[in-house]
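>>> Below is the sequence, then the predicted model.
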Amino acid sequence: MTDAEVFLQQLITGLSNGMIIALIAIGYTMVYGIVELINFAHGDLFMLGSFLALTIVGALGLESWSGMGSVAAVLILIASSACFCGTLNWTVDRLAYRPLRRAPKLSLLVAAIGASFVLMNLGLFWGGLPLDVFSGGIAAAAPKDFPDLFPDLNVLGNSAVQITRTDVGVFAVTIPLMIGLTLLVKMTKLGKAMRAVAQNPTAAALMGISVDRVIGATFFIGGALAGAASVMYALYNNSIGFQMGYRAGMDAFTAAVLGGIGSLPGAMLGGIGIGLIRAMSDQYVESKWTNAIVFGVLILVLIFRPSGILGAKQREKV
Amino acid sequence: MVAVVRRNPTAVMLLLALAWPAVELVLPLRFHIAGSLRTVFIFAILALGLNVVSGFTGLLNLGIAAFMAIGAYAFGILTCDTYPFQIGFWPALLLTLIIGAMAGFLLGAPTIRLRGDYLAIVTLGFGEIVQDVLKNLQAITKGMQGINPLPSPTCCASGGGWTWRELQGGDHLSWYWLTLAILSVCVLAVRRLERSHIGRAWISVREDELASRAMGIRVDRVKLLAFATGASLAALSGALFASSLSSTGEPSNYDFQVSILALCIIIVGGIGSVAGVLIGSLVMIGFNSIVLVKVAEWMQEVGWSSTSNVLASPNNWKYLIFGVALVLMVRFRPQGLLPPTIEDDPAHDAPDEPGALR
Amino acid sequence: MSPTIPSVLSAACLLLFPCSGTAQELKIVSSLPRTGNANGQTTSMVNGIRMAIEEVGGHVDGYTILYEDMDDASPQRGNWDPMIEASNAEKAAANPLVVAYIGTFNSGAAKISMPILNKAGLAMVSPANTYPGLTKPGLGEKNEPKAYRPTGTINYFRIVPTDDLQGAVAADWAKELGAKKVFVLNDRELYGVGIANVFVASCAKLGIKVLGNEGVDTKAPNYRSLVTKIKALGADLVYYGGTTQNNAGQIAKDLRGGGVRVPFMVPDGCFEEAFIEAAGAENLNDTTYITFGGLPADQLTGKGAQFAKSYMEKFGTEPEAYAVYGYEAASVVLDALKRAKSKDRSGVLAALKETRDFHGAIGSWSFDENGDTTNRTMSGQTVRDGEFVFVKALGAESPKDSTNSEPKIDPLNSTKGS
């Protein structure tokens, strides 16, 4: 591979990885924007989504579907994981967070940390199910192989630079979801209600908005995005494990803050930025410094832009 | 009696801790927890530091463990016999306090103006960077090997009468006294600080930054001081942690999970309250490293434990139990177990900060 | 701790729980990370330990053998927790019934408990630690291993060959496979870095070019950009010093997905079904090489074959390497207990030191003067049709001349930065 090819390849890898991070991050930042909760459970929710996807792959034998069948298979997985994670996120909100709406913000944070442990443990049990896709559950904690529904064919033919069909799939799923979500927040009545609640819950309630319902809907949508992202993650990386939520959640949080809290385009930008930095650092620095470089860049950005890349300047309250 | 406990829960808890080893003498072996309680004390010092930053001053810090790591490694480098310094336990302990404060100052100086969760992620990122640096700069930190052996303090120690000698690794009672004594000194110091003009400035900044500024408080300087104090205490806890294990252990002993644990301690205990830090440490660390351990042990004894499938082993339930306990704790005591008294309660009047969704 | 305190405690214990501590009971404990991601391996180890105890009927010379499976991990850490390892060791040291401590899984954890148990005169047998510095002078830091032996006597034994041996035979094997330019990855942990550094040092001696020795981020979702880098450098073999839990499966997957089809070599930290499960058989078949400090179950003869058979009957699967290690550790302890003149700590410790030509499941071996096994039998495996397949014995020598034939690795190079 020539230097230019290597650079191009890293660009593609970085973009794909970044898209997946962005997809998790926009679900994250929505909830974040409205309830101001650093949702530590988001990553673990995402993890459970991928476990559901793997279970469905096994139950329906999706591995053997080919051609357009595999596209259908992916759509089935996305739909089911999204519904599942959305519902689960709504339930977690209902049980763990909603009773704390009026409590100090930080106790909400602890509830999220607790929820994260619970979900992670559920993932451990899930991985121990005696199913063929989990290798009979011999080692519940071990990472699970996620079958390659799109064999990694290079869409560029025999070129040294590889764009696999999975890369294309990641783009094809992520971009419409991002656009759809932005439209939802900007154009629909629900979106307007969400923005109102984010601005001022008390005023929103006075205007007749059912704050709890709007927050519940936000948790559902945020969870659904995590579910969709989990399917793309599993297809792209071909392996899942019960502890993968930690890094995913951390990346999403970083992306959300880097972009500016509550800003959907910001979260996308942040996610893609992190993906690109990771790829370039792996190639041109050394992979052991990658994580430090990501956070170093984050700190630098925040020093110069204290509200993230696309975050609005916070006014001093008077 | 109840009134005394109400009025001064901190002192009561420290006195109970003082009495515990005597109680242990008459308890059967399985109830001996003094060895694990020293962990509680060490983490209480860490949480005290975090409480200064997040509790008094209201700055969310998700990277307090980084300062603990800095303390542990500074202590290791200053005392281990593979390094040229070897200055001994007590001088090193004092130096780690200063080094910790300096590290806090260095991180705080450029970032202290950031608001809310933006500062939180900077501290989180700093924690990750410290992890990577400790792992990667193997020539200095020995990477994952950890620095060992580390000296124990020479102090008045029990065991065949009280003598002035160097503590041994297995001397867990002496370690108990030592960590308890240092914790008590820290508690005293933090309470003094809390009631000094600095402490009032911290709380004032937490309650209303703009008004504080108008009153002539130099907000950035006050925040920075809180940051450095917290970092200094965290470094002290790191040094004690490393010394009590005779090894710094791996850098991942000071990772994000530890910061989260410290945060859970102060919130479960009652944010902004020194007594809360103590009870929070007891509850959280006690749960993690005493109760769960004992329960698993007991289940083995009665034969409820097997390795035949994932559900049968009690170890596989620990995350779930831990998580549910956290959720329930904040559900029923959102203000914490021992919240601060009303006049300096951060929660009683949380301002309606506007969020944003664009 | 002064000798009076435990006796006072045990007296108090007897007073309150007269049935719990009769003189005819002795206890073996193990301290392994049972919570979190090493749970799979340690479960098979504990199975092995339990089988060894069951095999002697739970009794040795009229003493009932109690066993406690202690967890040195905590949910908060998700991995071994130094504080819990320390308190496990202190707990074992304080309980006069405990005659042997089987553990630890992680070499880092051993560093914490070794000095505590050493002072208590309690024998410690590790079924898994491979970091050389724990026992061998000159291979680790300059204060190792005496830092772990405050009393100056040896109480720590291990039944697995150390990294310096395994890394060296791996390099020999790589040369046989025709490698000329290798790329080395490590997981930045004690075990992985140690073995990767030995591999690099041995490669240098064998004239194999090392293109890089990079620490990886073990929590990364994938390693595609790293693979692109390896591909561009044109390595003809990739070595990963690391374990299944540290994402070895994902690395294998991304290598193949990224079109790097050169041999992939890993150490015994990946010698478990979970590795194949995580990587996917199609990514490993015929191109993956696994070294292991011992012989795999299907190559064992005599006692080992018998163990494999009864394990199969009991648990329905072939015993994994870790199960054999666990079994072997417990067996050698029970053997020592049987030979011990006094059935207590010091008796067991003395008998363990004198273990010579022990006929165990992984062959016949002794403990040398450092407490290391004299077993030098290493084996090489590959993966075929989704199963581990034994290829050959590596670096096998008779145990007698082993002291002269240890690979001489410059300690400065081999441990730099590990």
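Received the coordinates, thanks. Numbers count the residues shown, from 1 in each chain, chains lettered A, B, ... in the order given.

>>> pretty sure residue A:49 contacts residue A:84?
Yes: using CB atoms under 8 Å, residue A:49 is in contact with residue A:84, at 6.4 Å. (Glycine included, C-beta is placed from N, CA and C.)

>>> of these two, who's got more company?
Ranked by neighbour count (other CB atoms under 10 Å in any protein chain shown), residue A:49 and residue A:84 place residue A:49 first, with 34 against 21.

>>> between residue A:49 and residue A:84, what contacts are shared?
Listed as contacting both residue A:49 and residue A:84 by CB atoms under 8 Å, 6 or more residues apart in numbering or on different chains are residue A:227.

>>> Which of the three states applies to the residue nearest to residue C:185 when sequence neighbours are not counted?
Leaving out its chain neighbours, the residue that sits closest to residue C:185 by CB to CB, 6 or more residues apart in numbering or on different chains is residue C:240, at 4.7 Å. When classified by DSSP: H, G, I helix; E, B strand; the rest coil, residue C:240 comes out as strand.

>>> In contact with residue C:240, which residues?
Contact analysis of residue C:240 by CB under 8 Å, 6+ apart lists C:184, C:185, C:186, C:187, C:192, C:196, C:248, C:251, C:264, C:265, C:266, C:270.

>>> redo that, cut-off 7 Å
Residue C:240 makes contacts with C:185, C:248, C:251, C:266, as judged by CB atoms under 7 Å, 6 or more residues apart in numbering or on different chains.

>>> Check what pLDDT it gets.
With respect to pLDDT, residue C:240 has a value of 97.

>>> Flag the shaky bits of the stretch 201-318 of chain A, pLDDT-wise.
Scanning the stretch 201-318 of chain A for pLDDT under 70 picks out A:313-318.

>>> hey, where'd the strands end up in it?
Shown for the stretch 201-318 of chain A, the strands assigned by DSSP state E, counting those that start in this stretch span residues A:239-240.

>>> What residues are bridge-paired with residue C:126?
Note on residue C:126: beta-bridge partners residue C:158, judged by DSSP bridges.

>>> Give me the number of neighbouring residues for it.
Counted with other CB under 10 Å, the neighbours of residue C:126 add up to 30.

>>> Spatially nearest residue to the closest residue to chain B within the stretch 251-400 of chain C (excluding sequence neighbours)?
Using CB to the nearest CB, residue C:315 is the residue of the stretch 251-400 of chain C that sits closest to chain B, at 8.4 Å. Spatially, and ignoring its direct neighbours in sequence, residue C:315 is nearest to residue C:47 (6.2 Å; CB to CB, 6+ apart).

>>> To which secondary structure element is the one you found assigned?
Residue C:47 is located in helix C:39-55, with elements delineated by DSSP states H and E.

>>> Averaged pLDDT, that helix. What do you get?
Here the average pLDDT along helix C:39-55 is 89.

>>> buried residues in it?
Going by neighbour count (16 or more other CB atoms under 10 Å in any protein chain shown), the buried part of helix C:39-55 is C:39-53.

>>> Please name every helix or strand in contact with that helix.
Contacts defined by 3 or more CB pairs under 7 Å, 6 or more residues apart in numbering or on different chains; DSSP states H and E place helix C:39-55 against strand C:25-32, strand C:63-71, helix C:303-315, helix C:321-339.

>>> Going by mean pLDDT, which of those comes out lowest?
helix C:303-315 (a mean of 88).

>>> for that one, packing partners?
Counting contacts by 3+ CB pairs under 7 Å, 6+ apart, helix C:303-315 packs against helix C:39-55.

>>> residue contacts, residue C:191?
C:107, C:130, C:131, C:163, C:243, C:269.

>>> Can you tell me which of these is nearest residue A:219?
Nearest to residue A:219, judged by CB to CB, of those is residue C:243 at 37.0 Å.

>>> Assess the claim that that closest one and residue C:270 are in contact.
Yes: assessed by CB atoms under 7 Å, residue C:243 is found in contact with residue C:270 at 6.3 Å.

>>> Quick one: low-confidence residue ranges for the stretch 1-150 of chain A.
Within the stretch 1-150 of chain A, the segments meeting pLDDT under 70 span A:135-139.

>>> Which residues of it lie near chain C?
Contact residues (CB under 7 Å from any CB of the partner chain) of the stretch 1-150 of chain A with chain C: A:1, A:6, A:9-10, A:13-14, A:117, A:135, A:138-139, A:141-145.

>>> Between which two of those is the distance greatest?
Checked with CB to CB, the residues of the stretch 1-150 of chain A next to chain C reach their widest spread between A:1 and A:117, with 43.8 Å between them.

>>> And these two? Which one has more around it.
residue A:117 (25 against 16).

>>> Grab the nearest non-local neighbour of that one.
Closest residue in space to residue A:117, ignoring its immediate chain neighbours: residue B:323 at 3.0 Å, by CB to CB, 6+ apart.

>>> swap in residue C:50?
Nearest residue to residue C:50, sequence neighbours excluded (CB to CB, 6+ apart): residue C:67, at 6.8 Å.

>>> mind checking the longest helix of the chain?
With no chain named, the answer covers chain A. helix A:3-35 (DSSP state H).

>>> wrong one, I was asking about chain B
Secondary structure of chain B per DSSP H: the longest helix is helix B:219-245.

>>> Report the contact partners of the closest residue to residue A:279 other than its chain neighbours.
Once flanking residues are discounted, residue A:279 sits nearest to residue A:14: 3.2 Å by CB to CB, 6+ apart. Going by CB under 7 Å, 6+ apart, residue A:14 touches A:275, A:276, A:278, A:279, A:280, C:225.

>>> got it, and residue C:393?
Taking CB under 7 Å, 6+ apart, we find residue C:393 in contact with C:377, C:378, C:379.

>>> Are we agreed that it is in a strand?
Yes: the assignment for residue C:393 is a strand, going by three-state DSSP.

>>> Spell out which residues of the stretch 151-300 of chain A are next to chain B.
Listed as neighbours of chain B in the stretch 151-300 of chain A under the rule CB under 7 Å from any CB: A:185, A:194-195, A:198-200, A:202, A:253-254, A:257, A:261-264, A:288-289, A:291-292, A:295-296, A:298-299.

>>> Quick one: name the residues of the stretch 101-250 of chain C near chain A.
C:188, C:214-217, C:219, C:221-222, C:224-226, C:228-229, C:231-232, C:244, C:249-250.

>>> which among the residues you listed end up buried?
The neighbour count (16+ other CB under 10 Å) marks C:188, C:214-217, C:221-222, C:224-226, C:228-229, C:231-232, C:244, C:249-250 as buried among those.

>>> Filter those down to the ones in strands?
Mapping these onto strands (DSSP state E) picks out C:214, C:215.

>>> Just the ones of the buried ones among the residues of the stretch 101-250 of chain C next to chain A in helices?
Applying DSSP H to those, the entries found in helices are C:224, C:225, C:226, C:228, C:229, C:231, C:232, C:249, C:250.

>>> What is the most widely separated pair among these?
Put simply, by CB to CB the two of these set farthest apart are C:232 and C:249, 23.3 Å from each other.

>>> Pull out the buried positions in stretch C:359-379.
Those would be C:360-363, C:365-367, C:370-379, for stretch C:359-379 by 16+ other CB under 10 Å.

>>> before we move on, what about stretch C:165-182?
Under the neighbour-count criterion of 16+ other CB under 10 Å, stretch C:165-182 has C:165-175, C:179, C:182 buried.

>>> How about stretch A:127-134?
Buried residues in stretch A:127-134, defined by neighbour count with 16+ other CB under 10 Å: A:127, A:128, A:129, A:133, A:134.

>>> hang on, the second one packs against residue B:310?
This means residue A:128. Yes: in this structure, residue A:128 is within contact of residue B:310 by CB under 7 Å, at 2.9 Å.

>>> Please report the distance of the residue nearest to residue A:117 from residue A:121.
7 Å (CB to CB, to the nearest Å).

>>> got it, and residue A:26?
Applying CB to CB to residue A:26 and residue A:121 gives a distance of 27 Å.
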